[in-house]
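Student: Sequence first, then the predicted structure:
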Amino acid sequence: MDKLLDPTMWFMVFIVSLVGVGTKLVYYRIGSKGKDSVVEHVPKLTPERWEQVKVQYNQRGAAALLLTSIPVIGSALAAAAGVFSTSMGTFVILVLLSNLTRNWLLVLLFGQTISLLHFAG
């Protein structure tokens with residue numbers, strides 16, 4: 001638990017989390033630029049269905065961004081945020097929160113193992 005009080009650890013976790021936000025911004029950008037391509041290449045997605053999906057995403061999508069640190073689905077959620085024009089500020093804050101949570105869990109779960117490996121070397 002002393003890791004939570006270590007400013008160096010906070011700095012490292014924050015930097016790694018920011019890098020994660022940067023990678024998700026790539027998917028966000030792809031989604032925002034690829035909206036027309038999605039509509040064009042998915043023939044079952046009629047304009048009416050597109051609006052239904054958009055309404056559903058606008059109701060629940062922002063909260064789903066808290067799951068962006070999960071591999072694979074996180075990238076899809078980031079692209080969906082771009083497609084449905086989630087505000088950049090909301091996107092960055094929620095993705096950063098998701099990454100900080102995941103990275104701190106990793107530090108707390110595997111920190112002891114890392115410490116043992118560090119002292120063994």
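Tutor: Cool, the structure landed. Being a predicted model, the structure only gives us computed values, none of them experimental.
Student: For the residue nearest the centre of the chain, give me phi and psi.
Tutor: Closest to where the C-alpha atoms of the chain average out (Cα atoms, centre = their mean) is T68, at 2.9 Å. Dihedral angles of T68 (phi, psi; degrees, to the nearest 10) stand at phi -70, psi -20.
Student: which one is it nearest to, not counting chain neighbours?
Tutor: Leaving aside its chain neighbours, T68 sits nearest to G74 (3.9 Å; criterion: Cβ to Cβ, 6 or more residues apart in numbering). For glycine as for every other residue, the C-beta is placed from the backbone atoms N, C-alpha and C.
Student: Same question for A62.
Tutor: Nearest non-adjacent residue to A62, counting by Cβ to Cβ, 6+ apart: T90, 5.9 Å away.
Student: How about G34?
Tutor: That would be V83: by Cβ to Cβ, 6+ apart, it lies 7.0 Å from G34.
Student: who's in contact with that neighbour?
Tutor: Neighbour list for V83: G31, S32, G34, K35, V38 [criterion: Cβ atoms under 8 Å, 6 or more residues apart in numbering].
Student: gap between the residue nearest to A62 and P43?
Tutor: 31 Å (Cβ to Cβ, to the nearest Å).
Student: more neighbours, these two?
Tutor: A direct count of neighbours by other Cβ atoms under 10 Å for T90 and P43 places T90 higher, at 13 against 7.
Student: top of the contacts of V83 by neighbour count?
Tutor: Counting neighbours by other Cβ under 10 Å, G31 leads those with 22 neighbours.
Student: check contacts around it.
Tutor: Taking Cβ under 8 Å, 6+ apart, we find G31 in contact with A78, A79, A80, A81, G82, V83, F84.
Student: Between the two ends of stretch 83-92, how far is it?
Tutor: The straight-line separation of the ends of stretch 83-92 (Cα to Cα, to the nearest Å) is 15 Å.
Student: Noted, bye for now.
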